[in-house]
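Asks: build the 3D model from these lines:
(chains A and B)
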Amino acid sequence: MITTIHTDRLVVISDLHLGNPFSNAKKKVIPFLKWAAAEKFDVCINGDGLEIAQSSFAKVAFEVPEFFRVLGEFKRAGREVFYVTGNHDIALEHFLEDWGVMKVSPFLNVHSGETRVRIEHGHIYDPFFVKFPVLYEGLTHFAGLLLKINPSLYKLWITFEKWTSYRRSKKSGIVGERPHFREAAEELSRRGFDAVIFGHTHHQGHRELENGSNYFNTGSWMLTPHYAKIENGKVSLEEWKEPVRLRWVGSSSSV
Amino acid sequence: MSVKFETRFQHEYLEDYEDGECIFEEGDTGRDLYIIQSGSVQIRKKTETHEFEMTIFKKGDFFGDMALLQSLPRYAAAYAVGKTRLLILKPAGFLLKIRRDPTFAFEMLQQLSYRVKMTNDRLLGLVSRHHIPMDEVQQLLKAIGGGSTGGEQP
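Replies: Next up is the predicted model:
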């Protein structure tokens, strides 16, 4: 299993939840992948790219083929696709790699110049997920039912999380997140990681840690699309805005 | 000369080393595990006639695991290469580290597995070059790969 890579150009996205009734990430992620290939970036999907927990297989099967065709194009353009598993797609890890498009791993250590970056979905630091896995799974399914009834409930939930954590997060964490994620990033950084990138919480943001390392969360593409950019050892969090014109490099198709 | 920085836990702390400074000597009885936060570390082993470099560990690598896991004296010596900062785990801090940072256990197993494979490959290379009889090779492979000792010394 590959958990360590060397690259000078990598973009990291997370929580597309393709197949979820609320997710319209496919419309945004396909031009993003085309842009990344044109700019010669490798790509890492940092967990929950596909939605198994809150969706039917039929819905996933409808959403996924075009996404995988584009990933195939991406690969043929000479770029690499890495997939870090999350909590909504754990069941898929057995055959995602067998499709031959991506390299699947539970986390990724990226070396870019002198910089070491840890990319991990982050669900194993979620106290609710770890302490009450059965209840967590049950509530995830229940939330999936609510989303089918009214997808905008998701936005309400995210706003509620931001509101309840605002005062606590202002001091040290990313707004909307519980403090456990920043603490986990802090713990990882003590092992010589200059930056730690999580997803899972759906709250994008950046915080400098006590020892000078950096913690990023790429949020979710179900809301505003953000990505982490690793370029020659520098790590930054960017919002994705589709350029006016895109073209494939090293491929026959174009947009 | 090293400088210690106490952190929130007494069984986990940071130490700084200057270039060429000894971290531990071969045969020392320390039980700490070292993780390189910055810099590099050279591992040296003495034989009856020579001292040779076994490997260089870099940022993020760990060493000292044999002493921690098997309570053996240090198998080789460790020296800082350039300015080096180490995160040092006391035996009691090791399990807490794994609890707080579970992927560390995964990475440790991965590195140990890699080292076993490298050792086996080198051993087989030597065996084939020196035409050692097959039954001796088979016994040797069984001895180094042969099941759990339940944490007891073989």
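
Asks: so which residues on the stretch 151-255 of chain A come close to chain B?
Replies: Listed as neighbours of chain B in the stretch 151-255 of chain A under the rule Cβ under 8 Å from any Cβ of the partner chain: A:184, A:187-188, A:190-193. Using the backbone N, CA and C atoms, a C-beta is placed for each residue, glycine as well.

Asks: one more time with 10 Å, if that's ok
Replies: For the stretch 151-255 of chain A, the residues in contact with chain B (Cβ under 10 Å from any Cβ of the partner chain) are A:183-184, A:186-194, A:211, A:213.

Asks: low-confidence ranges in the stretch 151-255 of chain A?
Replies: A:167-172, A:244-255 (pLDDT under 70).

Asks: from what I can see B:Ala80 touches B:Arg44, true?
Replies: No - assessed by Cβ atoms under 10 Å, B:Ala80 is found out of contact with B:Arg44, at 12.0 Å.

Asks: strands along the stretch 151-255 of chain A, start to end?
Replies: A:195-198, A:205-208, A:214-217, A:226-231, A:234-239 (DSSP state E, counting those that start in this stretch).

Asks: so for A:Lys59, which of these sits nearest?
Replies: Between A:Lys59 and those, the tightest spacing by Cβ to Cβ is seen for strand A:226-231, at 24.5 Å.

Asks: does stretch B:77-89 reach chain A?
Replies: Yes - interface with chain A: stretch B:77-89 contributes B:85-87 (Cβ under 10 Å from any Cβ).

Asks: coming back round to it: which of the strands of the stretch 151-255 of chain A is buried the deepest?
Replies: Using mean count of other Cβ atoms under 10 Å in any protein chain shown, the stretch among the strands of the stretch 151-255 of chain A with the greatest mean number of neighbours is strand A:195-198 (a mean of 28).

Asks: one step back: any idea which of the residues of the stretch 151-255 of chain A next to chain B is closest to B:Phe57?
Replies: Checking these one by one against B:Phe57 (Cβ to Cβ), the nearest turns out to be A:Gly192, at 10.8 Å.

Asks: flag every residue of the stretch 1-150 of chain A that's near chain B.
Replies: Residues of the stretch 1-150 of chain A lying near chain B (Cβ under 10 Å from any Cβ): A:1, A:3-4, A:106-107, A:109, A:111, A:114-116, A:118, A:120, A:124-125, A:130.

Asks: any residues in contact with both of B:Ala80 and B:Arg44?
Replies: Both B:Ala80 and B:Arg44 are contacted by B:Cys22, under the criterion Cβ atoms under 10 Å, 6 or more residues apart in numbering or on different chains.

Asks: more neighbours: the two, which one.
Replies: The residue with more neighbours, out of B:Ala80 and B:Arg44, is B:Ala80; 23 against 16, by other Cβ atoms under 10 Å in any protein chain shown.

Asks: what sits closest to that one if chain neighbours are left out?
Replies: B:Tyr17 (3.6 Å; Cβ to Cβ, 6 or more residues apart in numbering or on different chains).

Asks: got a list of what the one you found touches?
Replies: B:1-3, B:23, B:39, B:41, B:78-86.

Asks: who wins on neighbours among those?
Replies: Going by other Cβ under 10 Å, B:Leu86 tops those with 27 neighbours.

Asks: any idea which helix or strand comes after the helix or strand where that residue lies?
Replies: Assessed by DSSP states H and E, B:Leu86 sits inside strand B:77-89. Per DSSP H and E, the first helix or strand lying C-terminal to strand B:77-89 is helix B:91-100.
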